[in-house]
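Chemist: Here's a sequence, model it:
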Amino acid sequence: MNGHDDRPDPPIEQFDALASLLASGAVWAEADTEIEAQIVTEITTEVQAHPRAPMAPGREDRRHLRPIAAVAVLFLIAGVGIGLLATIDDDLDNVTLSGTDLAVGATATATVEEQPSGLRVVLDVEGLAPAAAGTYYQAWVRNDGGSAVTIGTFHNHGDDEIELWAGVDAATYPIITVTLQQEGGGAESSGQVVLQGRSGG
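Modeler: Numbers count the residues shown, from 1 in each chain. Below is the predicted model of the structure:
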């Protein structure tokens, strides 16, 4: 070994592509300060561990761009990841449901997500007794005018989260309720509400 780095310099087009990526607003979503500090520390350590050797006469030294490019790439990855997480969070709405007099102490959290195929609602239920034989639970989304759309049924015999779907808009139907239904009792709500909550408050 002669101490020289004989690897070819990266084409300038790579730096142009990197510059284009860094111009994207999503890249610069605010990152956690601890992540930033860790990235800077790791790059500084790497640079100190590999000092630059003198270049041959007449050869352009662009090796100083490598640690800069490495820092940029790491921030790009961190920024895009955090930006994607922020976008995902913006698409979700967590609704708290409280038990009524028919289910004292029961609670649930409904994670509401608008998807291209419809409104996805995932219920995480606590303290609600399993539906007795001959009965089941039915979930609904409702509007302030009293109209209701069923989003599915369940019996709550386990601890699994309950996935429900509707073909309506969450903003139009902000109220979520769960009723206790009788088998063979028809498609209409029984009116026996055991859980209820409202999106946005």
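
Chemist: quick one: residue 123 from residue 156, how far?
Modeler: From residue 123 across to residue 156, the span is 9 Å (CB to CB, to the nearest Å). For every residue, glycine as well, the C-beta is placed using N, CA and C.

Chemist: between those two, what contacts are shared?
Modeler: Here residue 123 and residue 156 have residue 162 as joint contacts, going by CB atoms under 8 Å, 6 or more residues apart in numbering.

Chemist: Beyond the helix or strand of the chain with the lowest mean pLDDT, next helix or strand please.
Modeler: In the chain, the helix or strand scored least confidently by mean pLDDT, DSSP states H and E is helix 65-90, which has a mean of 51. Past helix 65-90, heading to the C-terminal end, the next element that is a helix or strand (DSSP states H and E) is strand 92-99.

Chemist: Give the partner strands of that next one in its sheet and their orientations.
Modeler: strand 107-115 (antiparallel), strand 193-198 (antiparallel) (DSSP bridges).

Chemist: Please write out the alpha-carbon positions of that strand in PDB.
Modeler: What follows is the C-alpha trace of strand 92-99 in PDB, where atoms were taken according to Å, rounded to 0.1, in the frame of the first residue of the first chain:
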ATOM      1  CA  LEU A  92     -54.800   8.700  10.700                       C
ATOM      2  CA  ASP A  93     -57.400   9.800  13.300                       C
ATOM      3  CA  ASN A  94     -57.600   8.200  16.700                       C
ATOM      4  CA  VAL A  95     -61.100   8.300  18.200                       C
ATOM      5  CA  THR A  96     -61.700   7.400  21.900                       C
ATOM      6  CA  LEU A  97     -64.900   5.500  22.600                       C
ATOM      7  CA  SER A  98     -66.400   5.400  26.100                       C
ATOM      8  CA  GLY A  99     -68.700   2.800  27.600                       C
END
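
Chemist: so what's residue 179 bridging to?
Modeler: Per DSSP bridges, residues listed as beta-bridge partners of residue 179: residue 138, residue 193.

Chemist: Determine the number of other residues adjacent to it.
Modeler: Residues contacting residue 179 under the criterion other CB atoms under 10 Å number 23.

Chemist: shouldn't it be in contact with residue 194?
Modeler: Yes - using CB atoms under 8 Å, residue 179 is in contact with residue 194, at 6.7 Å.

Chemist: Between these two, which contacts overlap?
Modeler: What both residue 179 and residue 194 touch, as defined by CB under 8 Å, 6+ apart, is the set residue 137.
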